[in-house]
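> for reference, the sequence and a predicted model appear below.
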Amino acid sequence: MGLICLHIFGPTSARAQDYAVDLGMAFQLTNILRDIGTDAIQGRIYLPQEDLMAFGCTEQMILKRQESAALRKLLLFEAAKAQEYYTKAQAAFDALPAKDRRALAVSEIMRAVYFRILKKIEKPGHQIFGPRVRLSTNHRLALAAGVWLRSRFS
C-alpha cells in the first residue's frame, strides 16, 4: 500500500500511517515469496542474505530452482514475518475511526487478496518453483464484495 496511497484514499488519523507501513511490508514480503521462482529465472533473489545463510540456503540453490527442506523452512520463516505485518496492519486498521476505515476499503480489498495468496504459499503442497500463485477472478471478486460491504455497513 505505502504512505503515498494515504494521500489518495484520504484517511486523516495518525494511526493510518502505521497501517500503511505495516501493510506495505506485508505486501512486499508476500510478493517476494510468490515470485521466488520467476525472479530466479531472471537471476534475481530478494530474500535477505542473512536469512539464506541462517537456513543453509545458497543463492545457487535458488538460481538453479532447487526445492529443498531448507528452502521450505526459509519460506515459512519469511511468511511468518509477513503474517506479523498483516496482524499489525489489522490492529492499526481496527484502531482507526470509521470514516478512515471506509476510506481504506480499496487497500483492505488488496489486503484480503494478498493475505489469501500468502496462505496458499504457506500450504505444504505449494511448489516454490511452480506456477505463480494466483486467486481466481471469482475469488477476488467475492473478497472485494465482502470487504466493500463490511466497509459500508460496519
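Looks like it came in fine. Numbering: from 1, shown residues only.
> low-scoring stretches of the protein, by residue?
Residue ranges of the chain with pLDDT under 70: 1-13, 154.
> just checking, R101 touches S151?
Yes. At 6.5 Å, R101 and S151 qualify as touching, with contact defined as Cβ atoms under 8 Å. Every residue, glycine included, has its C-beta placed from N, CA and C.
> which residues are in contact with both of those two?
Both R101 and S151 are contacted by E108, under the criterion Cβ atoms under 8 Å, 6 or more residues apart in numbering.
> between those two, which has more neighbouring residues?
Between R101 and S151, R101 has the larger neighbour count (other Cβ atoms under 10 Å), namely 20 against 17.
> for whichever strand or helix holds the more buried one, packing partners?
In this assignment (DSSP states H and E), R101 forms part of helix 98-103. Applying 3 or more Cβ pairs under 8 Å, 6 or more residues apart in numbering; DSSP states H and E, we find helix 98-103 packed against helix 137-153.
> who touches the helix it packs on?
101-102, 104-105, 108-109, 112-113, 116, 135.
> gap between A79 and L47?
12 Å (Cβ to Cβ, to the nearest Å).
> ignore the last one, A105
A105 is 32 Å from L47, by Cβ to Cβ.
> ok, now K119?
Distance, K119 to L47, by Cβ to Cβ: 19 Å.
> take the contacts of helix 137-153 and write them to TSV, including distance to D18.
Compiled in TSV, the contacts of helix 137-153 are given as follows (distance: Cβ to Cβ, whole Å):
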residue	distance to D18
R101	14
R102	18
L104	12
A105	18
E108	15
I109	19
A112	19
V113	21
R116	23
L135	27
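> in helices only, show me those.
101-102, 105, 108-109, 112-113, 116 (DSSP state H).
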